[in-house]
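Colleague: Attaching a predicted model along with its sequence, questions to come.
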Amino acid sequence: MKNVFIIAGETSGDLHGSGLVRELRNIDCQIKIWGIGGEKMRAAGMETEYDISQMAFLGFSEVIRHLPFIWQVLHHIKRLLREQRPDLVILIDYPGFNLRIAAFVHHLGLKVLYYISPQVWAWGKNRVKKIARFVDRMAVIFKFEEDFYRNHNVPVTFVGHPLLDSLQIRPTKNEFYEKYHLTAGAPVMALLPGSRIQEIHRLLPDMVEIAGQFKWKVPEIRLCVSISENVPAAIYDKILQDMEITRVPETYPLMAYSSLMLVASGTATVEGTIVGTPFVVVYKVSPFSYWLAKKLIKVDYIAMANIIAGQLVVPEFIQDDFCPEKVLPVLLKLQQNEQERKKMASGFNLIRKRLGSKGSAKRVAELAFSMMREND
């Protein structure tokens with residue numbers, strides 16, 4: 001029986017990992033799949049040693065604060081890998097932890113497949129040497145990453161973006177409006193503050209303030225916030241208080257049926273381009289994390305949507321720029337100016353073309369079995 005160990009440390013990794021788990025099981029229903037993941041990966045048939053809710057930390061300072069727990073998990077996972085020696089270890093993004101595991105697994109003489117590349121092209125080009133030493137193959141979801149790794153002599157396969165398969169819009173718009181008691185025909189602004197507790201604390205209060213000021217200008221707008229199952233309701237309660245903001249756990253239909261979005265930088269910027277609803281990007285971390293990031297990050301944009309496009313398709317408001325005075329005029333222009341919306345839609349089309357084709361998880365699963373057959 002084949003034995004595959006997978007590590008996904010964040011919500012997006014759980015989503016993409018769940019598709020991979022299903023495809024691995026479609027090929028071999030007897031396969032043992034275990035590791036670190038979340039509810040979606042468990043539902044697909046994976047056994048988890050730790051849950052992603054225990055592993056998702058935001059920013060450098062937050063990671064430092066949780067180092068004792070991280071080291072505890074690291075040592076425990078190393079012991080399990082040494083004892084059980086899986087046929088293949090699949091690492092999904094989460095570079096600070098996963099690259100340490102890759103080095104350990106390599107020294108054990110086991111094979112490593114890295115699915116969804118760390119953004120080493122942005123902030124850690126020195127880590128490419130580690131990847132070349134410790135990773136047997138990269139399975140990347142952006143075409144430009146394939147070129148990057150080939151230029152650094154790293155075995156790589158472009159598999160396409162998994163969101164092209166997993167992003168499905170249900171229910172219908174009428175059903176959605178009825179379910180969340182939204183006035184038929186009323187425009188909706190969606191707030192997407194992320195899925196980690198630290199992000200909610202740091203981003204949602206400013207998002208709410210901006211949305212409140214927007215509603216003064218556009219009274220007919222309905223405000224909705226995307227909520228995460230990994231964040232306790234009490235955290236939303238404290239921030240939203242008695243404001244008229246509808247909480248929606250169904251992110252994709254919320255994106256699809258909104259007329260405008262305020263989105264935290266991250267996976268949601270790619271999701272937004274696939275859905276096609278106009279949005280602006282915001283983000284903020286601790287002052288120390290921002291200072292350190294400025295020293296390390298060597299890209300022109302922070303939003304993955306803009307990085308893929310190679311140009312500013314969606315406006316970005318980072319750190320001190322994330323304030324009503326700067327964000328509100330841009331939101332109003334996007335809501336009211338059809339030419340601005342069409343211009344953004346054209347940029348979205350460019351990005352979607354660069355995401356590849358459907359079937360990412362299936363291609364990674366086939367790649368995984370190909371690597372395991374080399375062991376036979």
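Modeller: Great, that's in hand. Computed from a predicted structure; not experimentally measured.
Colleague: which residues in the stretch 1-150 of the chain form helices?
Modeller: All helices of the stretch 1-150 of the chain, identified by DSSP state H, counting those that start in this stretch, fall at 11-27, 39-44, 59-65, 67-84, 95-108, 120-123, 127-134, 143-151.
Colleague: Same list, the ones you listed, but as JSON lines with distance to residue 268, mean pLDDT and mean neighbour count please.
Modeller: C-beta coordinates here come from the backbone N, C-alpha and C atoms, glycine included. Supplementary listing: the helices of the stretch 1-150 of the chain in JSON lines, determined by distance: least, C-beta to C-beta, whole Å; pLDDT from 0 to 100; neighbours: other C-beta atoms under 10 Å:
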{"stretch": "helix 11-27", "distance to residue 268": "9", "mean pLDDT": "94", "mean neighbour count": "23"}
{"stretch": "helix 39-44", "distance to residue 268": "16", "mean pLDDT": "96", "mean neighbour count": "19"}
{"stretch": "helix 59-65", "distance to residue 268": "17", "mean pLDDT": "52", "mean neighbour count": "15"}
{"stretch": "helix 67-84", "distance to residue 268": "25", "mean pLDDT": "89", "mean neighbour count": "13"}
{"stretch": "helix 95-108", "distance to residue 268": "20", "mean pLDDT": "92", "mean neighbour count": "19"}
{"stretch": "helix 120-123", "distance to residue 268": "18", "mean pLDDT": "66", "mean neighbour count": "18"}
{"stretch": "helix 127-134", "distance to residue 268": "25", "mean pLDDT": "90", "mean neighbour count": "16"}
{"stretch": "helix 143-151", "distance to residue 268": "19", "mean pLDDT": "91", "mean neighbour count": "17"}
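Colleague: any chance of these in a markdown table, plus distance to residue 369?
Modeller: A markdown table is the format used below for the helices of the stretch 1-150 of the chain (distance: least, C-beta to C-beta, whole Å):
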| stretch | distance to residue 369 |
| --- | --- |
| helix 11-27 | 6 |
| helix 39-44 | 17 |
| helix 59-65 | 34 |
| helix 67-84 | 19 |
| helix 95-108 | 18 |
| helix 120-123 | 26 |
| helix 127-134 | 21 |
| helix 143-151 | 21 |
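Colleague: Wasn't residue 247 part of a helix?
Modeller: No: remark: residue 247 does not belong to a helix; assigned using DSSP: H, G, I helix; E, B strand; the rest coil, it is strand.
Colleague: Which strand residues bridge it?
Modeller: Taking DSSP bridges as the rule, residue 247 bridges to residue 225.
Colleague: Residue 223 is in contact with that one, correct?
Modeller: No: in this structure, residue 247 is not within contact of residue 223 by C-beta atoms under 8 Å, at 10.4 Å.
Colleague: If you count surrounding residues, which of these two has more?
Modeller: Taking neighbours as other C-beta atoms under 10 Å, residue 247 and residue 223 compare with residue 223 leading, 21 against 13.
Colleague: With adjacent residues omitted, what lies nearest to the more buried one?
Modeller: In space, not counting the residues next to it along the chain, residue 223 is nearest to residue 245; the distance is 4.5 Å by C-beta to C-beta, 6 or more residues apart in numbering.
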